[in-house]
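Asker: below is the structure, and that's it, no one-letter string:
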């Protein structure tokens, strides 16, 4: 069992992030005052103050003297791969070939990522897991706010490779994660809510040191996308027959 050394202020910062998500707060919204947050988190005001400092350091909130604490999270532009990057990653293809190429790419991910996740569960440190949990929360936040989550999704999967402590796995994943926006394009972001669920399962398994749980959660995650891509290919075939 991995030894935890999380401080009280760090735990309170997590509670405040959860409060922001549960209340569907947006950039510019003001958080409850220090006393109210202390009551909500069941801690002293000093601890809340320390937690807010952590959130300020992350760039999540801004404290305006004499006014309050405000949410800073800004919407991000969707990541788009240039034609050159796409060609380097999947080879030259026409738009109608995208689903088939995405299916091939999903098969490569299934060859690599489940075992990388299992290795991550074996080798990850507490700090590795903390970073992974933060990225998981960022992806969940952006999906709930209907913002582009591609960049954080890519960072989440790359962090899993970093947790494995295998340098070659990290280098491979630096290439593999670039295909994530393509998956989202093919599936029309219809699997975003499933992404939240599977990311949580994967990160929890890694945090527990559960290699089998991490492996099978990753397989479930990638298979859900694979099935959706296959559906799109079948629909594409049907459209061609009709035409």
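Answerer: Structure received. Everything quoted here is computed from the prediction, not taken from an experiment.
Asker: please parse this structure into its domains.
Answerer: Domain assignment for the chain by the TED database gives 6-69, 93-240.
Asker: from the chain's centre, how far out does stretch 106-119 sit?
Answerer: 16 Å (CA atoms, centre = their mean, to the nearest Å).
Asker: what ranges do the strands span in this protein?
Answerer: With DSSP state E as the criterion, the chain has strands at 61-64, 68-71.
Asker: ranking those strands by burial, who's on top?
Answerer: Most buried of those by mean neighbour count (mean count of other CB atoms under 10 Å) is strand 68-71; its value is a mean of 17. C-beta: built from backbone N, CA, C; applies to glycine.
Asker: for the residue nearest to residue 120 when sequence neighbours are not counted, what are its contacts?
Answerer: For residue 120, ignoring the flanking residues on the chain, the nearest one in space by CB to CB, 6 or more residues apart in numbering is residue 163 at 3.6 Å. Going by CB atoms under 8 Å, 6 or more residues apart in numbering, residue 163 touches 120, 121, 123, 124, 128, 129, 132, 206.
Asker: pipe those residues into a markdown table and attach pLDDT per row.
Answerer: Shown next, in a markdown table, are these (pLDDT from 0 to 100):
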| residue | pLDDT |
| --- | --- |
| 120 | 97 |
| 121 | 96 |
| 123 | 96 |
| 124 | 95 |
| 128 | 92 |
| 129 | 93 |
| 132 | 94 |
| 206 | 96 |
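Asker: need the max-distance pair from the residues you listed.
Answerer: 123 and 132 (12.4 Å; CB to CB).
Asker: separation between the nearest residue to residue 64 once chain neighbours are set aside and residue 60?
Answerer: In this structure, residue 64 finds its nearest non-sequential neighbour in residue 70, 6.3 Å apart by CB to CB, 6+ apart. Using CB to CB, to the nearest Å, residue 70 is found at 10 Å from residue 60.
Asker: what of residue 192?
Answerer: Taking CB to CB, one finds residue 192 at 21 Å from residue 60.
Asker: got it, and residue 179?
Answerer: Residue 179 sits 29 Å away from residue 60, going by CB to CB.
Asker: what does residue 201 give?
Answerer: To residue 60, residue 201 is 25 Å away according to CB to CB.
Asker: what does residue 68 give?
Answerer: Residue 68 is 14 Å from residue 60, by CB to CB.
Asker: that older thread, more neighbours, residue 123 and residue 132?
Answerer: residue 132 (24 against 16; other CB atoms under 10 Å).
Asker: OK, contacts around that one?
Answerer: Shown in contact with residue 132 (CB under 8 Å, 6+ apart): 124, 156, 159, 160, 163, 203, 206, 207.
Asker: check residue 160 too.
Answerer: If you count contacts by CB under 8 Å, 6+ apart, then residue 160 has 113, 116, 117, 120, 132, 173, 202, 206, 218 around it.
Asker: biggest helix in this protein by residues?
Answerer: Among the segments of the chain that qualify as a helix by DSSP state H, the longest is helix 211-242.
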